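Peer 1: got a sequence here, can you build the structure:
(chains A, B, C, D and E)
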Amino acid sequence: MSQPDPNQPTTSGDPLLEISNMAVAYGRIEALHGISLTVNPGELVTLIGANGAGKTTTMRAISGILPLSSGRVIFDGRDITRMKAHQRVAAGIIQAPEGRGVFPGMTVQENLDMGHYARKFDSKADYDEALERVYSLFPRLLERRKQAGGTMSGGEQQMLAIGRALMARPRLLLLDEPSMGLAPMIIQQIFRIISEINQQGTTILLVEQNAQQALSRSDRAYIMETGEVIKTGVGKELLVDPSVKEAYLGVGADSGSDTSRAAAPAAGAVAGGAAGAAERPDLRK
Amino acid sequence: MSFLALSSGPLLSNDVISFDIANLGRSFFQSTLDGLEWGAIYALVAVGYTLVYGVLRLINFAHSEVFMAGMFGQYAALMALGFTPNGNAYNEGPVMTILYLGIAMLAGMAVSCVVAVSLERVAYRPLRKRSAPPLVFLITAIGASFVLQEFVHFVLPNLTGQTLGGVNAQQPIKLVNREELFSVGDGSVSNLTLILVLSALVLTGITDIIVNRTKFGRGIRAVAQDPTTATLMGVSRERVIMLTFAIGGILAGAAALLYTLKIPNGIIFNGGFILGIKAFSAAVLGGIGNLRGALLGGLILGVAENWGQYIFGNNWKDVIAFALLVLVLMFRPTGILGEKLGRARA
Amino acid sequence: MTYDREMREEGLDSNAPGLTGDDDEANSGPAPSGYGQIPDEPVDVDVTAVDPSLADPEHVAEVVAPQREIRTAEGAPLMRMEHVTMKFGGLVALDDVSFDIKRGEILGLIGPNGAGKTTCFNTMTGVYRPTEGQVVFDGRVLGKLKRNEITRAGIARTFQNIRLFNEMTALENVAVGTDARHKTSVPGALFRTTRHRDEERDAIDRGMALLEFVGIGERATEKAKNLPYGDQRRLEIARALATEPKLLCLDEPAAGFNPAEKSALMDLIRKIRDDGYTVLLIEHDMRLVMGVTDRIVVLEFGRMIAEGLPDEIRDNEQVIAAYLGVPDDESA
Amino acid sequence: MSTPAAASGKPQARADQPKPAGGKEKIAIGDRFRLWWNSLSRPTQWAVGVPFIILLALLPVVRPPGISTVGTDFGGVMAQFGMIALIAIGLNVVVGQTGLLDLGYVGFYAVGAYTVGLLTSPDSPWNQTGDGGWLSAKWAWLAVLPIAVAITAISGLILGTPTLRLRGDYLAIVTLGFGEIVRLLADNLDTLTRGGQGLSQVAYPRLGESDTAMNGVFAAGYSNGGNINNGVWWFWLSLLLIVLVLLGVGNLERSRVGRSWVAIREDEDAAEIMGVPTFRFKLWAFVIGAGIGGLSGALYAGQVQFVVPTNFNVINSMLFLCAVVLGGQGNKLGVILGAFIVVYLPNYFLGRTEFLWWNINGNAIADYKYLFFGLALIVLMIFRPQGLIPVRQKLMTYGRQIWLAARGKRTKFDDNPAGSDKPGSTAAAEVSR
Amino acid sequence: MHRVAMRGALVVVAAATLTLAACGSKSADGGSSNANAGGGGTTQTTETGSAGGGAAGSAAGGGDSSAASGGGSAAASGGGTASGGATAIKPVEQISPEGAKVEQKSASNAANPAGDGKAKCSGVNIGMAGALTGANAALGINILNGAKVAIDEHNKANPDCQVQIKQFDTEGDPQKATQVAPSIVNDKTVVGLLGPAFSGETKATEPIFSQAGLLSLTASATNPDLTKQGWKNFFRGLGNDNSQGGAIANYMTKELGYKKICVVQDDSDYGVGLAKVVTETLGDAADSSCAAKVKTGDKDFSATVNQIKGASPDAVYYAGYYAEAAPFVSQLRGADVKATFVSADGTNDPQFVKQAGNAASGAILTCPCGPAPADFAKKYQDLNKIAPGVYSVDAYDLTTIMLKGIDSGITDRAKLIDYVKSYEGQGLAKDYKWDDTGELAVANPWVYKVG
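Peer 2: Coordinates of the predicted model:
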């Protein structure tokens, strides 16, 4: 397979990743009940939903470390449903996993080098260029090059995880909850960099819990609930959709007597998201 | 000569355990040097335990038989080169001796490597696919250990027309005679001391470099530290496991040659068993999963065992080694340098 | 950190690399089935045949909660977290957390992923000892107790990822729980003393009652691993209740449930509370948490950001921000 | 170690959950046997079991030609089987029930044998059977038997207390070291044990003394002229002890003790959190297992009347483990079958020149036994790790009544309306006080 | 690719290390001449094959590595593969308990199993018990084969008296032996038993034979205790460890004039017993400061060697088996200890010479067994297709004695015991006449030398 420049989206109009009716089970518990989604070249697509909705399972299935019980995964026109995980990395799908997965006993530099384990560089120059790109995105990592991954703070680890994935020059970058456990300032920083990476041409599939940040920056989004995709649309439009809040906080039309009281803040949040900070004070009742 | 009675109650009126510390004092350097020679061998075998444990959290109980296979491998290679037992290679000069040593070591490494990798393929991989509990792995390893020993004991002699294997130790082929180079105190440093200790240092050093500085080594450490993420980075876990067994086998093969240099009469079907347990103790002593710990643990165990031998007598050697193992596991089960492959660097 | 401790924690850490971890061959076949599984015929037990009085729900409830006096002290604090800080190396997992659990209430503990809920939970159930501060339970300071002693002290828990004794039947699983209150040991069992036999009867009576109480009485003789998923969750709850706890901690009991199962679970949790137990609930599913809890504590970054009635929490801006995040301009 | 982030990896952990045992699985003969046995009622089990035990006891008396051994005395083989069966039962408590891998179990066997040897052999400085000793020659063995069991149990306690906090595979290696240390001590402490010279003329039960059997039926030379020789008597004695030990172990198994053991085996952390004092029960398992091993060692010393260290090497430990794993870890009947296979098969082939319609060299087959056992272990672990007769413990004293209530008895109970206390429903009455 | 590179690197570095070390090994000793000496040893071994020594009194089978391989099988296999150098074990002389040389009688008067050819018997057999499988099988097979030669001669000469030898395998394991013994006792056609082979199993089983009144004539169990148990049926067909140990101790001090001897023992029944006798008989000549104990299965004796080196004795007496003796003597010579190496029948095995090589030369070995006469060796070779091993001759002699008893019309066990008790005659190996306890009246061991 010829490797096109990973930083350029494929020119054809076909989706880069196409998942159809993917079902995944842990033992006898089906965690995904046949979801379908597509990611087009150059897009930033977000998968949001509450904990336990099946987002991470989706990511793991795409990366190939969980087997599908049914459905198909097509990457760049090729059926990779039965492809082994490490071969998928070689094909260009790389993931920065939930919980960062930084190798605690390796230095930052070594962790970064793990990124291109399965995707070799053609020349030293390419390697230097990629490394420089990562270090310019995350100057912090350069400072800590010799430090062991396990001793870094959560934010730094997240940067390292993303940087490591970038070292693979991914054709599809999977980011699983990059904001998890991070302070708001750091979250913003991370999301800015994610946008930047996307704008530089890398296709990204992002799983997030932090809907505000994720939806405002993504081209399209899927909302998941209990193993199913319940809604899809343009990121910024979903931000004002009441079903988002419902998916998170369990606030919706069916919550009985609470409906009237819950509906207002929900609407408020939606409005707040759309119109900015102006209407936020309404929530402070 | 004073023999002290350890205990002298009415029931223990005789000397139950006699010891003589002065004897160690008289032979302190010699016993230490002997201990270092043993330690070198233990260390190389211990690396095999440590690597496999680091990656799989599995005590490869059959590693002692991988070592034993290495002894027979290098012996067979020398026989194929036309050596006769009790002949000596060094008559042809140092260059040829080194060549022969190199060939023997390669043969030992190759055989051990093949045995280790096939062990992984045949016995362990099917269990991994079935997500078997650790106990099952250990029992399988014991079974494999039986099979390898008995193969050399009974089947190999029939296959080779009685020239290899069987109930007796092989007749020794001596490649290098022990010659004193210089002496330190009461001890004499011989050519073998240098070969053994330096080989162990160099080989564990190379392994350390491979594991800590090469791409494959990073793969191994990645799997040891976080198998799932390693897979997400494109590391094939199966390949890493195979490589780990291969490296362990290669070092065991090297250790096999060193052992036969030291003990030319040691090539026998059950010759790896006790040595294997001791090498495992060494690995635990240094911190299992830790490469440098294996070297350190091997040397410490070798020296401690030899000192003890000089104090209590030859027949207490194994007791000392096992007692050390039990004590270490009881009081510091993570060993001197701690567990975790590759963490020593961090 | 002692070896013992380290190993235990590793045992709890489902991410620990090991023999059975994920491997890249996973795609070549279906998920591995239980290793060395042997077929067993499932048999439905007629509960009333075992103990006719189990037909009466009142009686069942009576057997399940012998410590009715809990009710009398309703509202008094059962457990206090007092300025608990928990550090792992440099990482601060819990930062000065203080709250109460009152007798007879259902307290919800929520927070986004990585907020420290599990750490908090483990600190409360004695798996971890707090770096600073203390946990006071029923007038005693926890922290010097072994885990089995904590259970005897009156804290029982279920597991996020179900951890039943797979080769044991449902009834046997529950019996292990009842044994926490039993006194006889090897000599009693060996010689079948009267007291031991009484305890064994008690194990069955209470066991059956508990199974009936959580609604899986007819599955009593089935191996835990062969139970349907939902029943396994119920069995975990029954097993925890069997230890006669003062506080029942449920760790994501609804994980993997469909809406119908969730609503049944809500009923069960309420029933447990009504029977006199105090319940701590950690759950992601907000509909369930909002629907069943009396009070909610919210954690974020190891800090407690809110505490209050479900309605208050739902409208709490900080909580909404914690869950949905904030736009750039908001916090900038 | 486990950071909060790592501990929340919920989806992976759930992968441990098994699939439903759906579909038609092939049922092996061992499973069939177990299902059949479980389906019998308690009285029927006794009705089948007692004649079976009697048949087994009569086996070395009848010596059916196809079953009896050729190259060695069948009575003696059965006596050895009895001892190994005891060992397997003891080891099963440790390995099968509690899930603690003990590779040095032979150490306990040795301690038992040496206790008897040291106290009753004239070669030993601690001999108590001679002048000034407190053991009468006639009752020496029987008197020492409980002492041997107690001392072995204490040695289990001594070994277990520091080591049982270790994780499974470490424990295995420590016990292996312990087994070797015991043997090496027996060898090196030669002022006590006479080292490799061994202790001879160890006491044995002097029962059934008569003109034809001057030293009793357990004496080494006894034979009634027919098939009943001392080996058969030792077999009967071990059979009796097996039944007693089985009853004891069964009592433990069907109680909180057995439940705790299995819970520890299944999930030690969960067990502890459910209030099981895991360390204490692991120690109990170790001590009980050790005691049973010591009992078997005492039998060995009595039968052979001679103990030397070489009989207690590690390879025997592995053989014992083979018996347990082969038969089915955790299953009392299974491990006895395993012990039978381990002892009987090599002896069966010994001296045999034909098997069914093939000509064979039986001695060679017997020679290769470790090779075959090794292969068997590997194959078994891959394809049938639960052993020939897999485990299904009964962990409740009155669990049987639940079982009965579950199947086939419903009609009977339907006659008794719920809540009634009529004496007809024995099971129900017994369970519900 | 990387793996190849890696291995290449390993080799390069290893070679470099070895270069350094090999500098010290330029001065070769006389080993060169042996390297290609070739098959001279093959015939030697065959001729003196009976001198091979196995486990004379091994208690219970011992560790695997201590197993007696037996001269026979080893000689057969060894011939094709290993030169073993020009050295071999050669008989020197037979010595009295005082260590003095004993004049040999001619073997031509030895009892002949063929008899007069007119013997009549039926349903009378001889049993043989010993290790036929397992680690210690070689010794049992030597004995069995020796007995077969006698039986073969007898049956060919006496068509009306066909005696069978029934084999019973004990594996050398006492417990196994107690299982086998009842089978022997219950076989009523067995009137006499050749065996058991080892001392340990003899201790365990002799009560059974004694009770059954079955003659037990051992060709190899040499533990002195065995004749002190009051068994009326037990006769030892060779000198016990005391006679061997006492004689060699006196031989060393009186004939060879050694003043200082280190006694090293292994942990076997045999080694411990032998060392005790030797030490006692040596008296002051035994230096307690260099007395040492080693373990069966050990291959490293550095501490003991160092201890002996410090004592610089005239001789080192090793009580144990060749499996340890060979590396031990190699390491002694490697450490430049020049003291004479003296040992007994456990070491008297071609394997000792093969494994120790040059280090073995000059070693003095004793054996209660005599060398096999050439015509016996030929008959043995023809019948069994391998060369005779240790105790084959003794087994032949003892079987002959039992056959003569059967030929004289004895059909029950008690009479055969009486017959042996009063027997007096010459055999191929030695004179046979027993005292009241069942020991040979005169038991003079042979001295062999490796040269």
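Peer 1: quick one: which helix or strand includes residue 243?
Peer 2: Chain wasn't specified; assuming chain A. helix A:242-249 (DSSP states H and E).
Peer 1: should've been chain D
Peer 2: helix D:230-253.
Peer 1: in the stretch 101-250 of chain D, which residue sits nearest chain A?
Peer 2: Minimum separation of the stretch 101-250 of chain D from chain A (CB to the nearest CB) falls at D:Arg167, amounting to 20.5 Å. Bear in mind the C-beta positions are built from the backbone N, C-alpha and C, glycine included.
Peer 1: ah, wrong one, I meant the stretch 101-250 of chain B
Peer 2: Closest point on the stretch 101-250 of chain B to chain A, by CB to the nearest CB, is B:Gly234, at 2.5 Å.
Peer 1: wait, what's in contact with the residue nearest the centre of chain A?
Peer 2: Using CA atoms, centre = their mean, the residue of chain A that lies closest to the mean C-alpha position is A:Leu206, 1.8 Å off. Going by CB atoms under 8 Å, 6 or more residues apart in numbering or on different chains, A:Leu206 touches A:44-47, A:175, A:178, A:194, A:214, A:218.
Peer 1: with D:Asp102 instead?
Peer 2: So D:Asp102 contacts D:91, D:94-95, D:171-172, D:175, D:286, D:289 (CB under 8 Å, 6+ apart).
Peer 1: and chain B, which of those contact it?
Peer 2: D:95, D:172 (CB under 8 Å from any CB of the partner chain).
Peer 1: in TSV, list the contacts of D:Asp102 along with distance to chain A and neighbour count.
Peer 2: What follows is the contacts of D:Asp102, written out as TSV (distance: CB to the nearest CB, whole Å; neighbours: other CB atoms under 10 Å in any protein chain shown):
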residue	distance to chain A	neighbour count
D:Leu91	32	31
D:Val94	30	29
D:Val95	27	28
D:Leu171	26	23
D:Ala172	27	25
D:Thr175	31	27
D:Phe286	34	27
D:Gly289	34	30
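Peer 1: please look at A:Ile204 and A:Leu47 and confirm they touch.
Peer 2: No. At 11.0 Å, A:Ile204 does not count as touching A:Leu47 under the criterion of CB atoms under 8 Å.
Peer 1: neighbour-wise, which of these two wins?
Peer 2: A:Leu47 (27 against 23; other CB atoms under 10 Å in any protein chain shown).
Peer 1: the host helix or strand of that one pairs with which strands?
Peer 2: In this structure, A:Leu47 sits in strand A:44-49 according to DSSP H and E. When pairs are called by DSSP bridges, strand A:44-49 turns out to pair with strand A:203-208 (parallel), strand A:220-225 (parallel).
Peer 1: would you point to the one among those that's packed deepest?
Peer 2: strand A:203-208 (a mean of 26; mean count of other CB atoms under 10 Å in any protein chain shown).
Peer 1: dump the residue contacts of the spatially closest residue to the residue of the stretch 101-250 of chain B closest to chain A that is not a sequence neighbour.
Peer 2: Distances taken as CB to CB, 6 or more residues apart in numbering or on different chains put A:Ala118 closest to B:Gly234, at 2.5 Å, once the chain neighbours are dropped. By CB under 8 Å, 6+ apart, the contact set of A:Ala118 is A:86, A:89-90, A:168, B:233-235.
Peer 1: and those, which of them are in strands?
Peer 2: The members of these all map outside strands under DSSP state E.
Peer 1: with neighbour count and pLDDT added, can I get those in CSV?
Peer 2: CSV is the format used below for the contacts of A:Ala118 (neighbours: other CB atoms under 10 Å in any protein chain shown; pLDDT from 0 to 100):
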residue, neighbour count, pLDDT
A:His86, 26, 91
A:Val89, 28, 92
A:Ala90, 19, 92
A:Ala168, 24, 90
B:Met233, 32, 92
B:Gly234, 27, 90
B:Val235, 27, 92
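Peer 1: the helix or strand where C:Ile237 lies packs against which elements?
Peer 2: Per DSSP H and E, C:Ile237 falls inside helix C:229-242. Helices and strands touching helix C:229-242, by 3 or more CB pairs under 8 Å, 6 or more residues apart in numbering or on different chains; DSSP states H and E, are strand C:155-157, helix C:170-178, helix C:194-214, strand C:247-251, helix C:259-274.
Peer 1: go again using 7 Å as the cut-off
Peer 2: strand C:155-157, helix C:170-178, helix C:194-214, strand C:247-251 (3 or more CB pairs under 7 Å, 6 or more residues apart in numbering or on different chains; DSSP states H and E).
Peer 1: span of stretch C:86-106 from start to end?
Peer 2: Length of stretch C:86-106, first residue to last, CA to CA, to the nearest Å: 24 Å.
Peer 1: can you tell if that stretch touches chain D?
Peer 2: Yes. For stretch C:86-106, a contact with chain D is found by CB under 7 Å from any CB of the partner chain, at C:88, C:91, C:93.
Peer 1: list the beta-bridge partners for the first one.
Peer 2: The residues paired with C:Phe88 through beta bridges, assigned by DSSP bridges, are C:Leu91.
Peer 1: show residues contacting the helix holding C:Ile237.
Peer 2: A:28-29, C:64, C:156-159, C:162, C:164, C:170, C:173-174, C:176-178, C:206-207, C:210-211, C:213-216, C:219, C:224, C:227, C:248, C:250, C:253, C:256-257, C:261, D:274 (CB atoms under 7 Å, 6 or more residues apart in numbering or on different chains).
Peer 1: can you show me the strands along chain B?
Peer 2: Under DSSP E, chain B gives strands at B:4-5, B:18-19, B:180-184, B:187-190.
Peer 1: now the element after the strand holding A:Leu47, going C-ward?
Peer 2: Per DSSP H and E, the helix or strand that comes after strand A:44-49 is helix A:55-63.
Peer 1: what segments of chain B are helices?
Peer 2: B:21-26, B:28-56, B:63-80, B:94-119, B:125-129, B:134-150, B:156-159, B:191-213, B:215-225, B:227-232, B:237-262, B:273-286, B:291-312, B:317-331 (DSSP state H).
Peer 1: my bad, the stretch 1-150 of chain C
Peer 2: C:3-12, C:47-50, C:57-64, C:69-72, C:117-124, C:147-153 (DSSP state H, counting those that start in this stretch).
Peer 1: ok, chain A next?
Peer 2: Under DSSP H, chain A gives helices at A:55-63, A:85-91, A:108-115, A:124-137, A:139-143, A:154-166, A:184-199, A:211-217, A:235-238, A:242-249, A:259-275.
Peer 1: quick one: closest of these to E:Gln162.
Peer 2: Among the helices of chain A, the nearest to E:Gln162 by CB to CB is helix A:85-91 (75.4 Å).
Peer 1: contacts for the closest one, please.
Peer 2: A:63-65, A:75, A:80, A:118-119, A:168, B:231-236, C:24.
Peer 1: at 6 Å instead, please
Peer 2: Residues outside helix A:85-91 that contact it (CB atoms under 6 Å, 6 or more residues apart in numbering or on different chains): A:63-65, A:80, A:118, B:231, B:234, B:236, C:24.
Peer 1: ok, now stretch C:133-145?
Peer 2: C:79-85, C:124, C:126, C:129, C:246.
Peer 1: who does the residue in the stretch 201-332 of chain C that chain E sits nearest to form a beta bridge with?
Peer 2: Using CB to the nearest CB, the closest approach of the stretch 201-332 of chain C to chain E is made by C:Lys223 at 41.2 Å. Bridge pairing for C:Lys223 (DSSP bridges) gives the partners C:Thr169.
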